[in-house]
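**Q** Fold the following, please.
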Amino acid sequence: MYAPPPRTCCDGAVRATRLREIIDRRILGGSVYVGSALWAAAHFAVGLVFWLLGSYVTRSGVPAWTLLLTLACVCVALLFRRSRPWLALLLGTLALAADGALFGPSTWVFISYGDVLYGIGAFGRRRMALWTLYVVLAGHVVVLAVLVYLLATGGLPGGMLDLLQLLGLAAVLFLVPLTSGFTVREYRMRAELERERAQQVARMAELDRSSAIAAERGRVARELHDVIANHLSAVAVQSTAALSMREFDPERVRRILEVVRDNSVQGLAEMRQMIGVLRAADAPALERVMPRLADAERLVDVAREAGLEVDYTERGSASPLPAQVDAAGYRIVQESLTNALRYAEPKRVRVTVERRESGPGLRLLVITAENAMPPGSGAEAAAELGGGAGLTGMRERVALLGGTFAAGPADGGRWRVRAEVPVGAGTGTGVGAS
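**A** Below is the predicted model:
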């Protein structure tokens, strides 16, 4: 029997978004908005009440019912105040002019025209809205000038009180709705900008999260390679040596098994440490388990037990190194010994670790490893040595610390690895070098 999937909060958000889209596009959208149609009908109904109550000025020879035509015209203009504000302004202005100059005026036509001006300010194009505002302001200046003239000539019986009341009435009917529309427009634009900004912040956060995940994956990949591949390479080399023995030699088999055991135990120990770091919640635990370049002698001993002749040299002061630089140096030495154990012929490698002064307050950790290339053409040998993940991991470690790395054939048919890592005040805070 089919069981519907459980509902989640995301499903509710999706349904709410779809409902808003339906309302915006199917109910409020189109050439005539449903909301505007209801609003226009309400205006006509209220205007009809005002007409029945006689809230208009009649002219001689003009029947009162003609005022309903101008009311209907301005209400039709309200139908298009959101979808086509310019058409609403044209129809409303014609209705207002006819009502005021020919048939009336009537109260509700002027009030409804103010709503048309609101639609221009809120929904019209900015340039058209600004020009409308300029015209309205100019009209108010003209009205003010006429009222002042009438006040000066005695045409206003109430004096200054009539001037202020008429000027205030003009502002309430025309200027206030238009400026209110501008306020709504600016608020809507600001809200849209805030939504876009929030979306950009969300996208940037997602990009940062993706970058952090990619960096952490690369870091874990390097650690897995260094912990597993290097020790298993030594185990594989020793196992191959044991299988290639023509005559059973108990002492040699014992040495091989000791190397295999040491590499297996060491690999398991490092794997446990790495798993502990991945599970730990505190960042300082990372530095506690980072390998140190001072432990490189143990790598050399393991390589020698595996049959590799190692010439290991350290130069310069043995001052402490930042944790990331120290770990990177250890991994570079480890990978170089592993590559030499796998590919060098004869099994011999020379590794040099040098701490070099390169300027005031700045030092360089220079690691160089050279070994003979395997037999065959130079191009084939170079491809075999340079195409693995080990060199990629070393190059990434050095690049993250701001150093330089080079690996390739050198003079005399040798393979050379050289890494230069800056050691300064800010180097110890690098990320991702372990």
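
**Q** can you tell me which helix or strand residue 182 belongs to?
**A** Assigned by DSSP states H and E, residue 182 belongs to helix 176-224.

**Q** Mind giving me the packing neighbours of that helix?
**A** Where contact means 3 or more C-beta pairs under 8 Å, 6 or more residues apart in numbering; DSSP states H and E, helix 176-224 is packed against helix 107-123, helix 126-153, helix 250-279, helix 389-400. Where you see a C-beta, it was placed from the backbone N, CA and C, and this is true even at glycine.

**Q** what is the orientation angle of it with helix 126-153?
**A** Interaxial angle, helix 176-224 versus helix 126-153 (axes from the mean of the first three to the mean of the last three C-alpha atoms, to 10 degrees): 150 degrees.

**Q** I'd like the average pLDDT over helix 176-224.
**A** Averaged across helix 176-224, the pLDDT comes to 86.

**Q** Could you do stretch 395-409 as well?
**A** Computed over stretch 395-409, the average pLDDT equals 87.

**Q** Tell me the gap between that stretch and the middle of its chain.
**A** 29 Å (C-alpha atoms, centre = their mean, to the nearest Å).

**Q** Please apply the same query to stretch 408-428.
**A** 36 Å.

**Q** Mind listing what's buried along it?
**A** 409, 415, 416, 417, 418, 419, 420, 421, 422, 423, 427, 428 (16 or more other C-beta atoms under 10 Å).

**Q** who's in contact with the third one?
**A** Taking C-beta atoms under 8 Å, 6 or more residues apart in numbering as the criterion, residue 416 is in contact with 368, 369, 370, 406, 407, 408, 409, 410.

**Q** In the sheet, which residues pair with it? Tell me.
**A** residue 370, residue 408 (DSSP bridges).

**Q** Please identify which helix or strand holds residue 335.
**A** In this structure, residue 335 sits in helix 323-343 according to DSSP H and E.

**Q** follow-up on the earlier one: which one of the helices and strands packed on helix 176-224 has the lowest average pLDDT?
**A** Taking the mean pLDDT of the helices and strands packed on helix 176-224, helix 250-279 comes last: a mean of 77.

**Q** helices or strands next to that helix in the packing?
**A** In this structure, helix 250-279 packs against helix 176-224, helix 230-243, helix 284-289, helix 296-305, with contacts taken as 3+ C-beta pairs under 8 Å, 6+ apart.

**Q** Listing partners with orientation, what would you give for the following helix or strand past the last one?
**A** Read it as helix 296-305. Note on helix 296-305: by DSSP H and E, the next helix or strand toward the C-terminus is strand 309-315. Strand 309-315 sits in its sheet next to strand 348-359 (parallel), going by DSSP bridges.

**Q** And the contacts of the strand it pairs with?
**A** 293, 296, 300, 303, 308-319, 329, 333, 336-337, 340, 363-372, 422-423.

**Q** export that strand as PDB, just CAs?
**A** C-alpha atoms of strand 348-359 as PDB (Å, rounded to 0.1, in the frame of the first residue of the first chain):
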ATOM      1  CA  ARG A 348      70.000   5.100  -2.900                       C
ATOM      2  CA  VAL A 349      68.700   8.600  -2.000                       C
ATOM      3  CA  ARG A 350      70.300  11.800  -0.700                       C
ATOM      4  CA  VAL A 351      68.100  14.000   1.400                       C
ATOM      5  CA  THR A 352      69.100  17.400   2.700                       C
ATOM      6  CA  VAL A 353      67.100  19.600   5.100                       C
ATOM      7  CA  GLU A 354      68.500  23.100   5.500                       C
ATOM      8  CA  ARG A 355      67.300  26.100   7.500                       C
ATOM      9  CA  ARG A 356      68.600  29.100   5.600                       C
ATOM     10  CA  GLU A 357      68.500  32.800   6.500                       C
ATOM     11  CA  SER A 358      67.000  34.800   3.600                       C
ATOM     12  CA  GLY A 359      66.500  38.200   5.100                       C
END
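
**Q** from what I can see, residue 418 looks like it's in a strand, true?
**A** Yes. According to DSSP: H, G, I helix; E, B strand; the rest coil, the state of residue 418 is that of a strand.

**Q** residues in contact with it?
**A** With the criterion set at C-beta under 8 Å, 6+ apart, residue 418 makes contact with 366, 367, 368, 369, 405, 406, 407.
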